[in-house]
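Q: the following block contains a protein sequence and its predicted model.
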Amino acid sequence: MIMKHLNKIIIGILGLIILLSLVAILFITNYKPSPTQKAIIKLGGEVIDTIDLTTITTPITFTVDNGHGGFNTIQAEKGKIAIIEANCPDQLCVDLGYITNSLLPTVCLPNGLVIEIQDHTSSENLDIIAE
């Protein structure tokens, strides 16, 4: 009797986990970024550059030096941005490749660099709420 009840609880929990996973997958695959996107580049927590990814016509490549021997080479193209070279030991930031939306930033912890894409319209809404 107790086993049947326990089995029903386990099946219910597994069903809920599967349902939540499917909802998350649908959200991520149907996420549509705003037509106006800006890449915010931060070094040591401070914004050092902002790039409007919607207006780029030819790729932009530049290097950020952290002042302690670390560097990251960044490439921005229309609608996407990536770290294409770095002197950090793990190279996770380079392996991530291009990011195209605000769901996942690019981070190079050893060099203190963060690149995130900001949806222009949602940032305006946040500012309005904060006021």
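A: Cool, the structure landed. None of these values were measured; they are calculated from a predicted model. Residues are numbered from 1 along each chain as shown.
Q: for the chain, give the helix that spans the most residues.
A: Longest helix in the chain, counting residues (DSSP state H): helix 2-29.
Q: enumerate every residue touching the residue nearest to the spatial centre of the chain.
A: Centrality entry for the chain: nearest residue to the mean C-alpha point is Leu104, 1.9 Å, by Cα atoms, centre = their mean. Contact analysis of Leu104 by Cβ atoms under 8 Å, 6 or more residues apart in numbering lists Leu96. Using the backbone N, CA and C atoms, a C-beta is placed for each residue, glycine as well.
Q: give me the domain ranges for the chain.
A: 1-30, 37-130 (automatic domain parsing).
Q: got any ranges where this protein has weak pLDDT?
A: 1, 31-35, 120-131 (pLDDT under 70).
Q: for Asn72, which non-adjacent residue is spatially closest?
A: Residue nearest to Asn72 in three dimensions, not counting chain neighbours: Ala86, with 4.6 Å by Cβ to Cβ, 6 or more residues apart in numbering.
Q: is the one you found in contact with Leu109, as I believe?
A: No - under the criterion of Cβ atoms under 8 Å, Ala86 is not in contact with Leu109, lying 10.9 Å apart.
Q: and these two? Which one has more around it.
A: Ala86 (22 against 11; other Cβ atoms under 10 Å).
Q: ranges for the strands of this protein?
A: 37-43, 46-52, 60-65, 71-77, 80-86, 106-108, 113-119 (DSSP state E).
Q: now for these, which one comes closest to Ile25?
A: strand 113-119 (20.8 Å; Cβ to Cβ).
Q: quick one: the closest one to strand 37-43, angle?
A: Angle between the axes of strand 113-119 and strand 37-43 is 160 degrees (criterion: axes from the mean of the first three to the mean of the last three Cα atoms, to 10 degrees).
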